[in-house]
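*Asks:* what would the 3D arrangement of this be:
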Amino acid sequence: MRRRDLGGVRWIRGAPDCDHSVDPPLQAVAVDDDTFVIRQSKCVHFEAPFLCLLVGSERALLHDTGATEDAELFPIRRTVDELIGARQLELTVTHSHGHGDHRAGDAQFADLGSGSIAPIGAEGVAGFFGIQGWPEGGSVLDLGDRAVDVIPTPGHLDDHVALFDRTRGLLLSGDTLLPGTLTVRDWNAYHESIRRLARFARETASRGHPVRQIVGGHIEMSASGELYELGTTYQPDEAPLPLSVEDLFSLEAALEDAGKTPRRITGDRFVVEPVAASENGPSRNRGRAE
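*Replies:* Reported below is the predicted structural model:
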């Protein structure tokens, strides 16, 4: 099966004046026939999150639902239905974490059966996925010929999870790791989460399932490594979306070097920014838990 490298995708990037934007409300890119990465337009909501749709033989999984509830402005449900097409599949909706820019679109899926939409909060998330001993435990979702590992990654928020699609080597890292600012509210929890994620990457590679691309929840950095300003609706020269497993290991090493003392860390593809749990983060998608 041919698969698209997300590193070469030119995503919709907003406009200096959104009244004159020609961007559609969202952009859906097919990695293959059963794997889709969807970006919300920055002119619909400046957070411009990335969502992922994974389709198995028995179930489809939508991970995150975007920053906008209104289906006229952001037709995520219609888009998902079109991508699934005639396939008669149960749809499950999950979230990288509970911040509003990753779950506002849940309202468009309100007609799904009970238990189809994951709750927010660490206790609810652990129960939904059947994770014992949060955050050290994990679980596996079976979509039908498609196993997806669920790895707790609190630190940015206490209910954060990462997903790993073994069949494609895609690690969906949400706001834990992305090209931009990594806002950390619980330093020790985040440090342990990155250790856990790096350990998972090494172990799964040893079993023949290497991490091939890491897909985060946002792009916040230019191709030259500069962070875009908070609230911008235009990012003309964005860095590529996917990160590599080497970027994960680089983050792990930087955190090990920092130890238990929270401090700003500047890497080639990310900036770690510790903030108090009660504060908004320094970049656009970091402080919203509405």
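*Asks:* report the buried residues of the one helix or strand Gln27 maps to.
*Replies:* Under the criterion of DSSP states H and E, Gln27 resides in strand 26-32. Buried residues in strand 26-32, counted by 16 or more other C-beta atoms under 10 Å: 26-29, 31. Where you see a C-beta, it was placed from the backbone N, CA and C, and this is true even at glycine.
*Asks:* tell me the one of the residues you listed nearest Leu241?
*Replies:* Val29 (9.4 Å; C-beta to C-beta).
*Asks:* so that closest one is in contact with Thr35, correct?
*Replies:* No - the criterion here is C-beta atoms under 8 Å, and Val29 misses it with Thr35 at 9.5 Å.
*Asks:* so the closest residue to His63 other than its chain neighbours, which of the three states?
*Replies:* Using C-beta to C-beta, 6 or more residues apart in numbering and skipping the chain neighbours, the partner closest in space to His63 is Cys52 (4.6 Å). Following DSSP: H, G, I helix; E, B strand; the rest coil, we place Cys52 in the strand state.
*Asks:* next: Leu171.
*Replies:* Counting by three-state DSSP, the backbone at Leu171 sits in strand.
*Asks:* from Ser193, how far out is the residue sitting nearest the centre point of the chain?
*Replies:* For the chain, the residue sitting closest to the mean C-alpha position, by C-alpha atoms, centre = their mean, is Gly174 at 2.5 Å. Distance, Gly174 to Ser193, using C-beta to C-beta, to the nearest Å: 11 Å.
*Asks:* quick check: neighbours shared by the two?
*Replies:* The contact sets of Gly174 and Ser193 overlap at 153, 160 (C-beta atoms under 8 Å, 6 or more residues apart in numbering).
*Asks:* which stretches of the stretch 51-200 of the chain form helices?
*Replies:* Secondary structure of the stretch 51-200 of the chain (DSSP state H, counting those that start in this stretch): helices at 76-84, 122-129, 187-206.
*Asks:* contacts only, for the residue nearest to the centre of the chain.
*Replies:* Here Gly174 is in contact with 64, 96-97, 102, 153, 156, 160-162, 216-217 (C-beta under 8 Å, 6+ apart).
*Asks:* right, and the residue nearest to His63 touches Ala60 too?
*Replies:* No - Cys52 lies out of contact with Ala60 (C-beta under 8 Å); the separation is 10.9 Å.
*Asks:* picking up where we left off before, for Pro75, see how far away the residue nearest to His63 is.
*Replies:* Cys52 is 17 Å from Pro75, by C-beta to C-beta.
*Asks:* pick out whichever of the two has more residues nearby.
*Replies:* Cys52 (22 against 18; other C-beta atoms under 10 Å).
*Asks:* quick check: bridge partners of the residue nearest to the centre of the chain?
*Replies:* Gly216 (DSSP bridges).
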